[in-house]
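Have a look at this prediction, sequence included:
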Amino acid sequence: MSDAVGLVVGTEDSTPLKFHVAVAPDAYLQLDDVVVTQRLIPGVGPVMTSGIVTEVRSRHEGASFGSDVFLIADGVLPAQVQEIAEITTTRVDPEVYVPPRPGEPVRRAQGEERARALYFDQMDKKVPVGLGRDGQPVYLNLEFLNGVRGAHVSISGISGVATKTSFALWLMHSIFRSGVLGGGGRNSKALVFSVKGEDLLFLDKTNVRLDDDLRADYAGLGLPAVPFESVGFFAPPTPQDPTGRPHVTGRTSGVCAFWWTLAEFCADGLLPYVFADVEDERNQYTMVVHNVATRLKFEAQAAGVDGAVTIEGKTVRTYEALVDFVVEKLSDDSTRGTWAGPAIGQGTANAFIRRLISSVRPLREILRGDLQKSDERVVSTEGQQITVVDLHNLQERGQRFVVGVVLAAETRRKEASGTGSLLFTMIDELNKYAPREGNSPIKDTLLDIAERGRSLGIILIGAQQTASEVERRIISNSSIKVVGRLDPAEASRPEYGFLPPSQRQRATLAKPGTMFVTQPEIPVPLAVEFPFPAWATRLSECIPGDLVALPAPASGGTSTAPAPSVFTRLPPTFEDDEPPF
């Protein structure tokens, strides 16, 4: 075999699942190389064993002590340098599980052999996920993404280096633009919750760094190097602004302000999402939450076109006023039983009151009864393929409320519309919304998506710094697991048991843009590198003149003025808190 890179060694045990290769003096093997060897079995024929290099070591054969290296270098002591590569089997074809024999030649798998070794030949619909260490495309099986055989993606890595958000966006770009969705791709949607400043408000703009080399990288993966199309952007209203203008600074057009009216808050029973912080179910004040929510649903009546409500003859136009009204009812002995429940004491009611009052500041800008209602304010995936909900200007409690309410609404919409399309839901900092301990309405919604979302066509793409802090059932229901740069302590946790020891160590050194991807069909995670985004990921990456500033609208929603002026772009810089990936 003229293209052999080595021979199966005889000094190490070979098994059908793991064997070792002595690398030839004029060759090399590196981690993640795909290799293949063949053994002739009587009555069966040739059996092809394919695998991935998971460890490589080099040593002097013939040396006994560490200091012998100096004698060997001087030619005094005879010895030979030998490199041994550990191979973890990925496929045996046909499935006759016999160990490779010592002395059998081993070669790099290329072309069709590589595709067979990594099961790409059995993927009817392949999603490009990046380039392997050999510079060739690596694919995911769409059936483990669209719910046919599995669903959901878990992405882990430390903040600012692991490029979790960039990889999630790249994956969605690949899914939507590779053609694997067929005709159904036109109706498939993506819902993105953004907590990283205004970085994701420019996904429809071309990246200023897009050049011919980057276009070639995309072309090698069968993808166009273009920004996202059909993107809708939502942001909370500007504080203390009576017009309901979206609270953004970098992008001054194409962004809608979102909020919920007090009438919707009461009629839809949204009060439990105010208490979305994880709490112990043994706390009795949670009973008060549901009792008050029920009372508001039946007592509150819509008043006017601005979303205000009338309760027991009193008109309420702000969330703060609504909280004051509820507190008054719970503090009065004559009305506490009616609103909180007949068996609720003042101590339990006070626990509820304290938490309700603390919600005023984070929620008062998005629960309104003083702004003119507009259809544009409703966060929905109906009008565009990609929907970005910017949460970075909201406090953490406000972020939880928005995520919980929007997810619940989209889940109901998908249940009503059926499974004819897919909804990819991307949530950053998943451990904040579905932590391992405790319960909350948001966690219940996410668990519902994780456990039966695939039957509804809802696919969760969750990103978190620490998978060990996320609810186990969500991680275990994720068919695709992706790991970027990891903290050494986190890498040792059992949640990363799917990584071989060498990849666990490498994950602590991974550079931005390198991810380890595992999927059910392939027993070994694959190291991939994905291209730099073709879309702008921050204001400084937009092409000059690509953004325009329009006059502020008279009332909530997006600008509609006909005469744009040139937007003054910040000078390009990549020295931000997070790398440009």
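Everything's here; your move.

Please enumerate the strands of the stretch 1-150 of the chain.
4-8, 18-23, 34-41, 45-61, 80-93, 105-108, 126-131, 137-141 (DSSP state E, counting those that start in this stretch).

Tell me how far residue 37 lies from residue 50.
8 Å (CB to CB, to the nearest Å). For the C-beta atoms, the positions are set from N, CA and C on the backbone; glycine is no exception.

Who has more neighbours out of these two?
residue 37 (25 against 22; other CB atoms under 10 Å).

Then residue 233 would be within a helix, right?
No. Secondary structure of residue 233 (DSSP: H, G, I helix; E, B strand; the rest coil): strand, not part of a helix.

Excluding covalently adjacent residues, which one is nearest to it?
Ranked by CB to CB, 6 or more residues apart in numbering and with sequence neighbours excluded, the top spatial neighbour of residue 233 is residue 255, at 4.4 Å.

so what does the longest helix seen in the chain touch, helix or strand wise?
In the chain, assigned by DSSP state H, the helix with the most residues is helix 396-417. When contacts are defined as 3 or more CB pairs under 8 Å, 6 or more residues apart in numbering; DSSP states H and E, helix 396-417 packs onto strand 189-194, helix 271-274, helix 360-363, strand 423-428, helix 430-433, helix 441-456, strand 458-464.

Could you export the ones you listed as JSON lines, including distance to residue 166 and mean pLDDT?
Putting the helices and strands packed on helix 396-417 into JSON lines (distance: least, CB to CB, whole Å; pLDDT from 0 to 100) gives the following:
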{"stretch": "strand 189-194", "distance to residue 166": "12", "mean pLDDT": "94"}
{"stretch": "helix 271-274", "distance to residue 166": "29", "mean pLDDT": "92"}
{"stretch": "helix 360-363", "distance to residue 166": "28", "mean pLDDT": "95"}
{"stretch": "strand 423-428", "distance to residue 166": "11", "mean pLDDT": "94"}
{"stretch": "helix 430-433", "distance to residue 166": "16", "mean pLDDT": "90"}
{"stretch": "helix 441-456", "distance to residue 166": "22", "mean pLDDT": "90"}
{"stretch": "strand 458-464", "distance to residue 166": "10", "mean pLDDT": "95"}
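
Got the confidence number for residue 501?
You'll see residue 501 listed with a pLDDT of 89.

same question, residue 33
95.

now residue 128
Predicted confidence (pLDDT) for residue 128: 97.

do the same with the one 5 residues further on
In the predicted model, residue 133 carries a pLDDT score of 90.

tell me the phi and psi of it?
Phi and psi for residue 133, reported as degrees, to the nearest 10, are phi -60, psi -20.

gap between it and residue 121?
For residue 133 relative to residue 121 (CB to CB), the value is 20 Å.

Compare these two and say which one has the larger neighbour count.
Neighbours per residue (other CB under 10 Å) separate residue 133 from residue 121, with residue 133 holding more: 18 against 13.

my guess is the more buried one contacts residue 52, does it?
No. The pair residue 133 and residue 52 does not pass the contact test of CB atoms under 8 Å, sitting 9.7 Å apart.

intersection of neighbour lists for those two?
Shared contacts of residue 133 and residue 52, defined by CB atoms under 8 Å, 6 or more residues apart in numbering, comprise 32-33.

What is the neighbour count of the closest residue to residue 420 other than its chain neighbours?
Nearest residue to residue 420, sequence neighbours excluded (CB to CB, 6+ apart): residue 187, at 6.6 Å. Neighbour count for residue 187, taken as other CB under 10 Å: 14.

and residue 187, backbone torsions?
According to degrees, to the nearest 10, residue 187 has phi -100, psi -10.

Does it touch residue 417 like I think?
No. At 9.3 Å, residue 187 does not count as touching residue 417 under the criterion of CB under 8 Å.

Show me the shaky parts of the stretch 201-350 of the chain.
Scanning the stretch 201-350 of the chain for pLDDT under 70 picks out 277-283.

tell me the contacts of the residue located most distally from the centre of the chain?
Computed with CA atoms, centre = their mean, the maximum C-alpha offset from the centroid of the chain is found at residue 76, amounting to 57.8 Å. Under the criterion of CB under 8 Å, 6+ apart, residue 76 has no neighbours.

So it versus residue 256, what's the distance?
Residue 76 is 78 Å from residue 256, by CB to CB.

do the same with residue 55
Between residue 55 and residue 256 the computed distance is 52 Å (CB to CB).

Which of those two has more residues huddled nearby?
When residue 55 and residue 256 are compared for neighbours, residue 256 comes out ahead with 21 against 15, by other CB under 10 Å.

Tell me if I'm right that the more buried one and residue 237 touch.
No. Using CB under 8 Å, residue 256 makes no contact with residue 237, being 10.2 Å away.

And the helices in the stretch 201-350 of the chain, which stretches?
Under the criterion DSSP state H, counting those that start in this stretch, the stretch 201-350 of the chain contains helices at 212-220, 262-267, 271-274, 285-299, 319-331, 333-340, 346-358.

so which of those comes closest to residue 366?
helix 319-331 (8.5 Å; CB to CB).

and the angle from the closest one to helix 346-358?
Orientation note: helix 319-331 sits at an angle of 180 degrees relative to helix 346-358 (axes from the mean of the first three to the mean of the last three CA atoms, to 10 degrees).

now the angle between helix 333-340 and helix 319-331, please.
Relative orientation of helix 319-331 versus helix 333-340 (the same axes, to 10 degrees): 120 degrees.

Enumerate the positions of helix 319-331 that are buried.
When burial is assessed from 16 or more other CB atoms under 10 Å, helix 319-331 yields the following buried residues: 319-323, 325-327, 329-330.

which residue sits closest to residue 463, ignoring its sequence neighbours?
residue 164 (4.0 Å).

Check that neighbour and give its pLDDT.
With respect to pLDDT, residue 164 has a value of 92.
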